[in-house]
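Q: return atomic coordinates for the entry below.
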Amino acid sequence: MNFTGLIFACITLAAVGLGFLWVIKLEYYVGAHLAWPVGIFGGVVVLASLIVPGFTASAVVGILGGTIIWGATELPDQERRVRDGIFRANPKKRRGESP
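A: Down below sits the predicted model:
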């Protein structure tokens, strides 16, 4: 039996699940204006997967980088969800920080 696919599925599920949480928290505390820097960081992590030795470690780093890029694209959507009242807004965060 080969458990590699099952292991990567679990890692991907965990990364996406944590991605939901950090997108919500980052928008709550900081705002969506960091979407581009976060996306660039995710791209750097994906590129780093090219130089990580070993198939498994490289795949995990690539999955994490892809999840970070996905999260960056979700930040503006999360800001809209907050504006629409689906998620709670941070009363201490200044408004108008995002472009």
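Q: contacts only, for residue 67.
A: Contacts for residue 67 were tallied using Cβ atoms under 8 Å, 6 or more residues apart in numbering; they are 12, 15, 16, 18, 19, 42. Glycine gets a C-beta too; all of them are placed from N, C-alpha and C.
Q: wait, the last one touches residue 73, no?
A: Read it as residue 42. No. Checked against Cβ atoms under 8 Å, the pair residue 42 and residue 73 is beyond contact range at 9.5 Å.
Q: with neighbour numbers in mind, choose between the two.
A: Using other Cβ atoms under 10 Å, the more surrounded residue of residue 42 and residue 73 is residue 42, with 20 against 13.
Q: before we move on, what SS does the more buried one have?
A: Three-state assignment for residue 42 (DSSP: H, G, I helix; E, B strand; the rest coil): helix.
Q: just residue 86 next, same as before
A: Residue 86 - assigned by three-state DSSP - is coil.
Q: run a quick neighbour tally on it.
A: Residue 86 has 9 nearby residues by other Cβ under 10 Å.
Q: look up phi and psi at it.
A: Main-chain dihedrals, residue 86, degrees, to the nearest 10: phi -70, psi -40.
Q: and the closest residue to residue 45 other than its chain neighbours, what element?
A: Spatially, and ignoring its direct neighbours in sequence, residue 45 is nearest to residue 65 (3.3 Å; Cβ to Cβ, 6 or more residues apart in numbering). Assessed by DSSP states H and E, residue 65 sits inside helix 55-83.
Q: what residues sit buried inside that helix?
A: 59-69, 71-72, 74-75, 78-79, 82 (16 or more other Cβ atoms under 10 Å).
Q: for the contacts of residue 67, give me TSV that also has pLDDT.
A: Shown next, in TSV, are the contacts of residue 67 (pLDDT from 0 to 100):
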residue	pLDDT
12	95
15	95
16	94
18	95
19	94
42	97
